[in-house]
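Enquirer: 3D, please:
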Amino acid sequence: MNKIKKFKKNDIPKFDLKKKPILDIKNIMKILPHKPPFLLVDKIIDLTQNSIVGIKNVTINESFFIGHFPREPIMPGVLQIEAIAQVGGLLVLNKLSNPELYSTYFLKIDKVKFKYKIVPGDVVIFQVYLLKSMKRGIVHMQGKGYVGNKLVVEADVIAKIVKNSL
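Expert: Here you go, the predicted model:
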C-alpha cells in the first residue's frame with residue numbers, strides 16, 4: 001500500500017500554539033468555500049507537502065450549542081469530522097494555483113472514533129495527513145483531533161476535489 005504517513009498509536013504530537021499562523025482566518029476564508037457559522041477551523045499553524053495542523057477554538061457562542069445538549073453542551077461528532085475535512089481541504093487546495101476555484105466533497109468516511117467530548121472552552125488541534133497521493137482529484141487522508149494531551153477524535157476521509165461551476 002502506498003502510504004505516505006502512518007500514525008503511531010498513542011503518539012501524541014507536541015504543538016506550539018503560540019506559533020504565528022501560516023494561514024489566519026482571512027486566508028482560510030479566501031481558500032475554503034465555508035463561511036461562519038459553518039467554518040470550523042480558525043488558523044493553520046503547520047503546513048507541509050503531506051500534512052497540516054489546524055486549530056479550532058470552541059466557544060459557547062457556537063450556533064450548534066443552542067440545541068446540542070444545552071444543559072451539557074458538546075460539539076457534535078459530525079462537525080468534528082467536518083472540521084477534519086476542512087483542515088484536510090486546506091492541505092490539498094493549497095497545492096492548487098487557484099484554490100478558491102475548487103471545493104472538496106466527501107466520498108467516504110471510515111474508521112471514525114470519538115474518544116472524549118469536545119466542550120466549550122476547548123482548543124482542538126486537528127492534524128491531517130495524506131495517506132495516498134492525489135490521483136484524478138481523489139485524496140485519502142487521515143485526521144486526528146487533540147485537546148490538550150488527549151486524542152479526542154480520529155477518522156479516515158476520502159474526498160474529491162472539484163472545480164466550482166460558478
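Enquirer: Remind me what the lengthiest helix in the chain packs against, helices and strands.
Expert: When the chain is parsed with DSSP state H, its longest helix is helix 77-93. When contacts are defined as 3 or more C-beta pairs under 8 Å, 6 or more residues apart in numbering; DSSP states H and E, helix 77-93 sits against helix 25-31, strand 43-47, strand 51-57, strand 102-114, strand 123-135, strand 138-147, strand 150-163. To be clear about C-beta, it is placed using only N, CA and C from the backbone, and glycine gets the same treatment.
Enquirer: list the contacts for the residue nearest the centre of the chain?
Expert: Taking C-alpha atoms, centre = their mean, the centroid of the chain lies closest to I84, which sits 2.6 Å from it. I84 makes contact with F126, V128, M141, G143, K144, G145, V153, A155, V157 under the criterion C-beta atoms under 8 Å, 6 or more residues apart in numbering.
Enquirer: Quick one, grab the pLDDT at the nearest residue to it once chain neighbours are set aside.
Expert: Leaving aside its sequence neighbours, I84 sits nearest to G143 (C-beta to C-beta, 6 or more residues apart in numbering; 3.4 Å). Looking at G143, its pLDDT stands at 98.
Enquirer: Equivalent analysis for K9, please.
Expert: pLDDT at K9 comes out at 56.
Enquirer: For the spatially closest residue to L91 that is not a sequence neighbour, grab the count of nearby residues.
Expert: Nearest residue to L91, sequence neighbours excluded (C-beta to C-beta, 6+ apart): I52, at 4.0 Å. A total of 27 residues lie near I52 under the criterion other C-beta atoms under 10 Å.
Enquirer: gap between I52 and G148?
Expert: Distance, I52 to G148, by C-beta to C-beta, to the nearest Å: 20 Å.
Enquirer: on that earlier part again, tell me the bridge partners for the residue nearest to I84.
Expert: Beta bridges link G143 to V128, A155 when assigned by DSSP bridges.
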